[in-house]
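Asker: Any chance you can model this:
(one chain, ligands or ions: 1)
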Amino acid sequence: MLNNNFIKELNKTFPRENVLAEIEERYVYSKDASNNPYIKNSLADAVVFVESIEEVQSVVKIANKYEIPIICRGAGTNTVGACVPTNGGIILNFSKMNKILEINTQNMTAKVQPGVIIGDLQKAVEEVNLFYPPDPSNLKVSTIGGSIAQNSAGARCFKYGATKDYIIDMLVVTADGKLIRTGSNTIKNAVGYNLGSIFIGSEGTLGIVVEATIKLLPKPQCTQVIMSYFDLTQDAINVVDKIIEKKLFPSTIDFMDNNSIKTVERFYPTGLICDKDCALIIEIDGAKDTINTQREDICKILRKNNATNIQYSTNKQEAENIWKARRSSMAACTKLKPNVTTDDIIVPRSNLSKLIKGVQDICKKHSLTTCLVGHVGDGSIHPQIPIDYSDEKEYREYKIAKSEIYQLAINLGGTISGEHGIGLEKKAYISRVVDGGALDYMRQIKKIFDPKNILNPYKIF
Ligand SMILES: Cc1cc2nc3c(=O)[nH]c(=O)nc-3n(C[C@H](O)[C@H](O)[C@H](O)COP(=O)(O)OP(=O)(O)OC[C@H]3O[C@@H](n4cnc5c(N)ncnc54)[C@H](O)[C@@H]3O)c2cc1C
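Answerer: Residues are numbered from 1 along each chain as shown. This is a model prediction of the structure:
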């Protein structure tokens, strides 16, 4: 009855095509890339496609009146259950708020709506020789709003940092429907608390991002991708250390273990060499006349550390092909079992080899396959574990392995998420890495911003 009333009100406020309430429609939008049937979630009551800030405020007003949850949704590519409903509510879909409002070449900023797809923004700014580095791997679908809410990062984080390093200002609709501005249209801002940083990474639990101003960089004149293979993983890790020790600064240092190489080559063949222990994908960028020197310095380190089959791209297409292999790893894993889980543990780089070896040993102990990839330049890895959720024994082993993997990362001085966030998937583990006092502050912040607990409730903690 209550639901009927609020849906009636949504229908009165929005054009019919922007409110979905059929069960199939609600089902589709109540899923994300976590896709874990053991996560306790529910169906949304309605999906609303918003087209303006005022419309977002109208939805918030209705949600307030009926005390109904609002769950923002970008492209649903988060892997932690961050945008699945737990207690029904309204899915706020931003796919129609997808305009790049301004690219200012003098200020080197872009102003965007939250539904802008990251790849579209990158393409648009590169056309005017500017650059937006964060790349959460799903460039063709992931949105700016979703990546702000998860503080996404991706391969280029090693050199260029995460989403938080680029958001200088936001317009946010708060839980009571007010519109607030978090920063200013300037590169520096030392006025009061850094409110923006509270919303970035808050997984849609504190406010709804309806516009963002993004700092851009000059587009690097040239990029080149170097791929190399190793018979011993330790040699690859030594390369990472040596590159950093020599103060070389590639934009990415990414890793693929033997299982991920073989799995990608089996299902999305691009000519990878399958009998090697692992591969490194290193991207360099910068002024044209520095590229050859950078590449040669890195190749020297590679050769000294027993890298084999060193190859590098000579044009954009070849670079794309190398990245395509790395980007296909999760999709390839889904061919091994009906599902695949991924994680994003991170440790101080000095403990990287212990982390890789430890994760491989844990998975072996629990009879799980793992395809291990990662942005090893930052010390982070993604263990991708193909899984059949209908096999209860396998799921039990997976749960134990997951807990052991988190504990391993913690024991090595790291943490349980470098870029994917917490959502529902990891909330049971957050107290292992955030102490009670800090968690208490986080809960109080949530209460201040959202006293009725209507913004993406029950996520994170
Ligand atoms: C194969 C694969 C590889 C991946 N690789 C990486 C990687 O390398 N690095 C990385 O960082 N991530 C990676 N991810 C995770 C994912 O792509 C990112 O988290 C992405 O930025 C999420 O964007 P989205 O638009 O899909 O957001 P969604 O998944 O739709 O939402 C994510 C969160 O944002 C909230 N949200 C959405 N819009 C708003 C808004 N306007 N206001 C407030 N909250 C909002 C949602 O409620 C949810 O909590 C990967 C995922 C997959 C499936």
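Asker: Q311 contacts Q224, correct?
Answerer: No: here Q311 does not reach Q224: they are 11.0 Å apart, not a contact under CB atoms under 8 Å. (Glycine included, C-beta is placed from N, CA and C.)
Asker: which of the two has more neighbours?
Answerer: Between Q311 and Q224, counting by other CB atoms under 10 Å, Q224 is the more crowded of the two (21 against 14).
Asker: List the buried residues in the helix or strand hosting the more buried one.
Answerer: Assessed by DSSP states H and E, Q224 sits inside strand 222-230. Residues T223, Q224, V225, I226, M227, S228, Y229, F230 are the ones in strand 222-230 that count as buried (16 or more other CB atoms under 10 Å).
Asker: Report the beta-bridge partner residues of P383.
Answerer: L372 (DSSP bridges).
Asker: quick one, what contacts it?
Answerer: T342, D343, I345, V359, C363, T370, C371, L372, I405 (CB atoms under 8 Å, 6 or more residues apart in numbering).
Asker: What's the local residue count around the last one?
Answerer: Right, I405. Other residues near I405 number 23, with proximity taken as other CB under 10 Å.
Asker: Contact partners for the residue most central in space within the chain?
Answerer: Nearest to the geometric centre of the chain sits S152, at 3.9 Å (CA atoms, centre = their mean). Residues near S152 by CB under 8 Å, 6+ apart: P134, P136, S142, G146, A162, T163, E419.
Asker: Just give the closest residue to S152, not the sequence neighbours.
Answerer: Leaving aside its sequence neighbours, S152 sits nearest to P136 (CB to CB, 6 or more residues apart in numbering; 3.8 Å).
Asker: gap between that neighbour and the ligand?
Answerer: 3 Å (CB to the nearest ligand atom, to the nearest Å).
Asker: ok, now which ones touch that residue?
Answerer: T77, I118, S142, S147, Q150, S152, A153, G154, E419.
Asker: Within reach of the ligand, which of those are there?
Answerer: T77, S142, S147, Q150, S152, A153, G154, E419 (CB under 6 Å from any ligand atom).
Asker: I'd like to know how many residues surround the second one.
Answerer: Taking other CB under 10 Å as the neighbour definition, S142 ends up with a count of 25.
Asker: The stretch 51-200 of the chain against the ligand: which residues are in contact?
Answerer: Within the stretch 51-200 of the chain, the positions adjacent to the ligand are 71-79, 82-83, 94, 114, 136-138, 142-143, 145-147, 149-150, 152-154 by CB under 6 Å from any ligand atom.
Asker: residue ranges with poor pLDDT in the chain?
Answerer: Applying pLDDT under 70 to the chain picks out residues 1-3.
Asker: domain ranges for it?
Answerer: Using automatic domain parsing, the domain parsing of the chain gives 2-93, 100-218, 222-328, 336-430.
Asker: K452 is nearest to which of these?
Answerer: Taking CB to CB, domain 2-93 is the member of the domains of the chain nearest to K452, at 5.6 Å.
Asker: what distance separates the closest one from the centre of its chain?
Answerer: Centroid separation for domain 2-93 versus its chain: 21 Å, with CA atoms, centre = their mean, to the nearest Å.
Asker: Check the burial of the closest residue to G286 other than its chain neighbours by counting its neighbours.
Answerer: Of all residues not flanking G286 in the chain, P220 sits nearest, at 5.6 Å (CB to CB, 6+ apart). The local packing of P220 (other CB under 10 Å) involves 19 other residues.
Asker: Kindly report the same for G76.
Answerer: The number of residues packed near G76 is 22, by other CB under 10 Å.
Asker: any idea which element the closest residue to it other than its chain neighbours lies in?
Answerer: Counting by CB to CB, 6+ apart, the nearest residue to G76 once its immediate chain neighbours are dropped is D32, at 4.2 Å. In the assignment (DSSP H and E), D32 maps to no helix and no strand.
Asker: one step back: the contacts of P383 in strands, which ones?
Answerer: In this view, the contacts of P383 that belong to strands under DSSP state E are I345, C371, L372.
Asker: among these, who's most crowded?
Answerer: Of the ones in strands among the contacts of P383, C371 is surrounded by the most neighbours, 26 neighbours in total, counting by other CB under 10 Å.
Asker: Name the nearest residue to E25, sequence neighbours excluded.
Answerer: Nearest in space to E25, with sequence neighbours left out and distances taken as CB to CB, 6+ apart, is V47 at 6.0 Å.
Asker: Let me know the secondary structure of that neighbour.
Answerer: With DSSP: H, G, I helix; E, B strand; the rest coil as the basis, V47 sits in strand.
Asker: Distance-wise, check it relative to the ligand.
Answerer: 12 Å.
Asker: Kindly report the same for R349.
Answerer: In terms of CB to the nearest ligand atom, R349 sits 17 Å off from the ligand.
Asker: ok, now which ones touch that residue?
Answerer: R349 makes contact with V240, D241, I244, V376, G377, D378, G379 under the criterion CB under 8 Å, 6+ apart.
Asker: right, and the pair among those residues with maximum separation?
Answerer: Largest separation among those by CB to CB: D241 and D378, giving 13.4 Å.
Asker: Looking at those two, which one has more neighbours?
Answerer: More crowded of D241 and D378, by other CB under 10 Å: D378, with 23 against 15.
Asker: The more buried one contacts I345, doesn't it?
Answerer: No: counting by CB under 8 Å, D378 does not reach I345; the two are 11.3 Å apart.
Asker: Could you report the distance from Y27 to the ligand?
Answerer: Distance from Y27 to the ligand, by CB to the nearest ligand atom: 16 Å.
Asker: what about the closest residue in space to that residue that isn't next to it in sequence, which SS state?
Answerer: Distance criterion CB to CB, 6+ apart; nearest residue to Y27, sequence neighbours excluded, is L43 at 6.2 Å. Three-state assignment for L43 (three-state DSSP): coil.
Asker: number of nearby residues for L43?
Answerer: Neighbour count for L43, taken as other CB under 10 Å: 14.
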